[in-house]
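>>> need a structure here:
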Amino acid sequence: MQNTALRTDGLDTVATSAHPRMKLVDSTEPLAAGRLSVLLVEDDEADVYLIRRALANNPRIGEIVVARDGVEALDMIDQRAIEPDLAIVDLNMPRKDGFSLLRDLASRNVARFPTVVLTSSRAGADQFRAKKRGAFAYLAKPNSAAKLATALDQLIARL
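Just a heads-up that it's a prediction; the model follows:
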């Protein structure tokens, strides 16, 4: 798999030929011991930007790999393009939504990692369904970047 170095938003990123939309943060150096590899499964580019910014100052984050839906996320995991320590998953996505992704992850014999649902849905039924399918935590997207960073930092501190 050939890697092509890119520079966007002041962060070092890599796109692979197999997954041109895959982006790794701080990929120019080996992952520091104890730093987390995060799989972000989100189809909205603005939300991807906000989540990446919210995680940028967390010293426990080593890399962020972006998948645009559950199909792409499973493909990345199956091809070992990423071995995440944490997945952050939206619920409403094309092709394979977050609920289906959670179900598929739970039924596979892959390395287990906590999955956090980060969604605009505040419905109790969605929270219940996500937890039932194995979500470690459920977070309704806060209305400010600062609140998002705080909420994600608190979740990561629990890992």
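
>>> quick one, what contacts the residue nearest to the spatial centre of the chain?
Centroid-nearest residue in the chain: residue 40, 1.7 Å away (criterion: C-alpha atoms, centre = their mean). By C-beta atoms under 8 Å, 6 or more residues apart in numbering, the residues touching residue 40 are 48, 51-52, 64-67, 87-88. Using the backbone N, CA and C atoms, a C-beta is placed for each residue, glycine as well.

>>> excluding chain neighbours, what is closest to residue 101?
In space, and not counting its chain neighbours, residue 101 is closest to residue 70: 3.4 Å by C-beta to C-beta, 6 or more residues apart in numbering.

>>> same check on residue 121?
That would be residue 91: by C-beta to C-beta, 6+ apart, it lies 5.9 Å from residue 121.

>>> re the thing from before, from the contacts of residue 40, pick the one nearest residue 101.
Nearest to residue 101 among the contacts of residue 40, counting by C-beta to C-beta, is residue 87 at 8.4 Å.

>>> thinking again about what came up before, does the residue nearest to residue 121 touch residue 98 like I think?
Yes: look at residue 91 against residue 98 with C-beta atoms under 8 Å: they come within range, at 3.8 Å.

>>> which strands or helices does the lengthiest helix in the chain pack on?
The longest helix of the chain (DSSP state H) is helix 145-157. For helix 145-157, the packing partners by 3 or more C-beta pairs under 8 Å, 6 or more residues apart in numbering; DSSP states H and E come out as helix 45-55, strand 137-140.

>>> for residue 152, which of the ones you listed is the nearest?
helix 45-55 (5.3 Å).

>>> how about low-confidence regions in this structure?
1-33, 110-111 (pLDDT under 70).

>>> all helices for it, in order.
Remark: helices assigned in the chain by DSSP H are 45-55, 70-78, 98-107, 124-132, 145-157.

>>> okay, the ones you listed in JSON lines with mean neighbour count next?
As requested, the helices of the chain are exported to JSON lines (neighbours: other C-beta atoms under 10 Å):
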{"stretch": "helix 45-55", "mean neighbour count": "17"}
{"stretch": "helix 70-78", "mean neighbour count": "20"}
{"stretch": "helix 98-107", "mean neighbour count": "19"}
{"stretch": "helix 124-132", "mean neighbour count": "15"}
{"stretch": "helix 145-157", "mean neighbour count": "15"}
